[in-house]
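Student: sequence first, then the predicted structure, then my questions.
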Amino acid sequence: MSATGQSRLRVLIAGGGVAGLEAALALRDLAADRVEITMLAPEPEFVYRPLRVTEPFASSRARHYALDEIARELELELVRGSFGSLDAARRTVRTEAGAQLHYDALLLALGARPQRRFAHALTLDERQLDEQLHGLVQDVEAGYVRKLAFIEPAQMPWPLPIYELALMTARRAWEMSAEVSITVVTPEEGPLAVFGATASEAVQGLLEEHGVLVISSAHCETPAPGQVALGPGGRVLHVERVVALPELAGPATPGVPKHDLHGFIPIDDHCRVPGLEHVYAAGDATEFPVKHGALAAQQADAAAASIAALAGAPVTPTPFEPVIYGTLLGGDRPLYMRARLAGDRALSSEVGDEPTWSPQAKIVARYLAPYLEARAASR
Ligand SMILES: Cc1cc2nc3c(=O)[nH]c(=O)nc-3n(C[C@H](O)[C@H](O)[C@H](O)COP(=O)(O)OP(=O)(O)OC[C@H]3O[C@@H](n4cnc5c(N)ncnc54)[C@H](O)[C@@H]3O)c2cc1C
């Protein structure tokens, strides 16, 4: 029972990443004790992924947050386990271990599944980025590797990391007086075109300053070690090492409709899953074409507002209106970018040396960013 004497709405959040945590914080703010929240997550920790790219350069480590501490603070029940299947008619989720979790409203915040796309490339695994790239960075420093390509699959994964890694590698080589030629191959029309033309031009300038060449609007294959075949046209780049971002697939959730063959979850403007009552989805798991933390958080906010209204809170649900925020690391100073989006097209484009938002978080999220900042300040 809530303080108002109403029975609480049982909300199940599947996933303890950006979207899951943002939704939990938003629900506590909007619906307070009108909701009883359970979070299902396989991992004990939330890892702040954007800073993983700095680990091979030993400049800082990605922060880890214990989910059970967050659960205590937010008064939510944490269930360690993996989503197995959904029985929407019975409003029940079965975990892989066979437990049944009942809900009145369900938020699927399961993230995307990274998959290897290229046979002859080092596919980045963010959980072991340091181990994967440390040796390569040392080889660049020592001058053993002089030609390097960073490549992306046709369906672009997270936008920022490949440019950050290219810039950081170029800077490290310059600091060590090592010569290296770095090429980024991207399906985008220009570097970080998702942030719009103005931002993309600034990123292009930054990459040029650091001697990084970008081949855009290109699809690539790796026919043999050290070779990157570019399409259209068929030109082949010959390099000493090829580093690739993984391709992303949806979470493949039995009982949940799939948007396409990649298994992403379809959603409407309020992040409801069409055809399933009181089921919502947010973040990288959804069909939205750009996978990014700030967008995951905005979707989580839209879903949380709808769920809060369902719980009887005086909230008018607002639709998901995507605005992408990015902080590009790797240059002399970070570059701050923002754009309103229609799908993966930018409708506006801002870029500058100072953020126009606060707090100055790498993942811009209405609730999660100030929450994590406050936790960092209290330690
Ligand atoms: C190296 C790197 C750098 C990035 N930099 C930025 C950046 O600077 N800014 C930015 O905004 N975004 C950035 N991103 C993207 C951002 O991290 C993601 O878009 C964001 O984490 C997506 O949030 P999510 O909640 O959808 O998924 P995730 O954060 O991946 O969370 C998914 C959650 O679901 C859980 N889960 C998975 N499978 C199951 C299951 N079967 N059952 C239950 N739970 C499950 C996972 O354990 C996890 O807790 C970066 C990503 C990477 C990899």
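Tutor: All right, it came through fine. Numbering: from 1, shown residues only.

Student: what's the local residue count around residue 213?
Tutor: Using other CB atoms under 10 Å, residue 213 has 14 neighbouring residues. The C-beta positions use only the backbone N, C-alpha and C, and glycine is treated the same way.

Student: which helices and strands sit right next to the strand or helix carrying it?
Tutor: Assigned by DSSP states H and E, residue 213 falls within strand 212-215. Applying 3 or more CB pairs under 8 Å, 6 or more residues apart in numbering; DSSP states H and E, one finds that strand 212-215 contacts helix 161-175, strand 181-185, helix 197-209.

Student: repeat that for 6 Å
Tutor: strand 181-185 (3 or more CB pairs under 6 Å, 6 or more residues apart in numbering; DSSP states H and E).

Student: picking that back up, show me what the next helix or strand after the strand holding residue 213 is packed against.
Tutor: Sequence order places strand 219-221 as the next helix or strand after strand 212-215, per DSSP H and E. With contacts defined as 3+ CB pairs under 6 Å, 6+ apart, the packing partners of strand 219-221 are strand 227-231.

Student: adjacent strands (with direction) for the strand it packs on?
Tutor: strand 219-221 (antiparallel), strand 236-238 (antiparallel) (DSSP bridges).

Student: for it, which positions count as buried?
Tutor: Buried residues in strand 227-231, counted by 16 or more other CB atoms under 10 Å: 227-230.

Student: between strand 181-185 and that strand, find me the angle.
Tutor: Using axes from the mean of the first three to the mean of the last three CA atoms, to 10 degrees, the inter-axis angle of strand 227-231 relative to strand 181-185 is 40 degrees.

Student: what residues does the stretch 51-200 of the chain have near the ligand?
Tutor: With CB under 6 Å from any ligand atom as the criterion, the stretch 51-200 of the chain comes near the ligand at residues 52-53, 82-83, 109-111, 126, 158, 160-161.

Student: can you do 8 Å?
Tutor: Selection of the stretch 51-200 of the chain residues close to the ligand by CB under 8 Å from any ligand atom yields 51-53, 81-84, 95-96, 109-114, 124, 126, 129, 157-161, 164.

Student: narrow the residues you listed to those in helices?
Tutor: Under the assignment DSSP state H, those contribute 129, 161, 164 to helices.

Student: tally of neighbours for the last one?
Tutor: The burial metric for residue 164, expressed as a neighbour count using other CB under 10 Å, is 20.

Student: also residue 208?
Tutor: Count around residue 208 with other CB under 10 Å applied: 12.

Student: picking up where we left off before, what's the closest of the strands paired with strand 227-231 to residue 137?
Tutor: strand 236-238 (20.7 Å; CB to CB).

Student: wait, does the helix or strand just after the closest one make contact with the ligand?
Tutor: Next helix or strand after strand 236-238 toward the C-terminus (DSSP H and E): strand 241-244. No: residues of strand 241-244 are not located near the ligand by CB under 8 Å from any ligand atom, the shortest gap being 12.6 Å.

Student: any idea how far the helix or strand just after strand 241-244 is from the chain center?
Tutor: Remark: after strand 241-244, the chain's next helix or strand is strand 247-249, criterion DSSP H and E. Strand 247-249 has its average C-alpha position 12 Å from the chain's average C-alpha position, going by CA atoms, centre = their mean, to the nearest Å.

Student: what pairs with strand 247-249, parallel or antiparallel?
Tutor: In the sheet, strand 247-249 lines up with strand 113-115 (antiparallel) (DSSP bridges).

Student: buried stuff in the strand it pairs with?
Tutor: Neighbour count says strand 113-115 has 113-114 buried, by 16+ other CB under 10 Å.

Student: tabulate the buried residues of strand 227-231 in JSON lines, adding columns for pLDDT.
Tutor: JSON lines is the format used below for these (pLDDT from 0 to 100):
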{"residue": "227", "pLDDT": "97"}
{"residue": "228", "pLDDT": "97"}
{"residue": "229", "pLDDT": "97"}
{"residue": "230", "pLDDT": "96"}
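
Student: low-confidence ranges in the protein?
Tutor: 1-6, 59-60 (pLDDT under 70).

Student: can you give me the helices in it?
Tutor: Using DSSP H, helices in the chain cover 18-31, 67-74, 129-141, 161-175, 197-209, 293-310, 368-378.

Student: restricted to buried residues, select the residues of the stretch 51-200 of the chain next to the ligand in PyMOL.
Tutor: Buried members of these, defined by 16+ other CB under 10 Å, are picked up in PyMOL with:
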select buried, resi 52+53+81+83+84+95+109+110+111+112+113+114+124+126+129+157+158+159+160+161+164
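
Student: just give the nearest non-adjacent residue to residue 123, would you?
Tutor: Counting by CB to CB, 6 or more residues apart in numbering, residue 116 is the residue found nearest to residue 123 once chain neighbours are left out, at 4.4 Å.

Student: tell me the contacts of the residue nearest to residue 204 when sequence neighbours are not counted?
Tutor: Leaving aside its sequence neighbours, residue 204 sits nearest to residue 191 (CB to CB, 6+ apart; 5.4 Å). Contact analysis of residue 191 by CB atoms under 6 Å, 6 or more residues apart in numbering lists 200, 203-204, 207, 214.

Student: 8 Å instead, please
Tutor: 163, 184, 200, 203-204, 207, 214, 216 (CB atoms under 8 Å, 6 or more residues apart in numbering).

Student: one step back: just the ones of the residues of the stretch 51-200 of the chain next to the ligand in strands?
Tutor: Using DSSP state E, 83-84, 95, 113-114 are the members of those that sit in strands.

Student: just give me the closest of these to the ligand.
Tutor: residue 83 (3.4 Å; CB to the nearest ligand atom).

Student: which one is that closest one nearest to, not counting chain neighbours?
Tutor: That would be residue 14: by CB to CB, 6+ apart, it lies 4.7 Å from residue 83.

Student: specify which member of the ones in helices among the residues of the stretch 51-200 of the chain next to the ligand is nearest to the ligand.
Tutor: residue 161 (4.1 Å).
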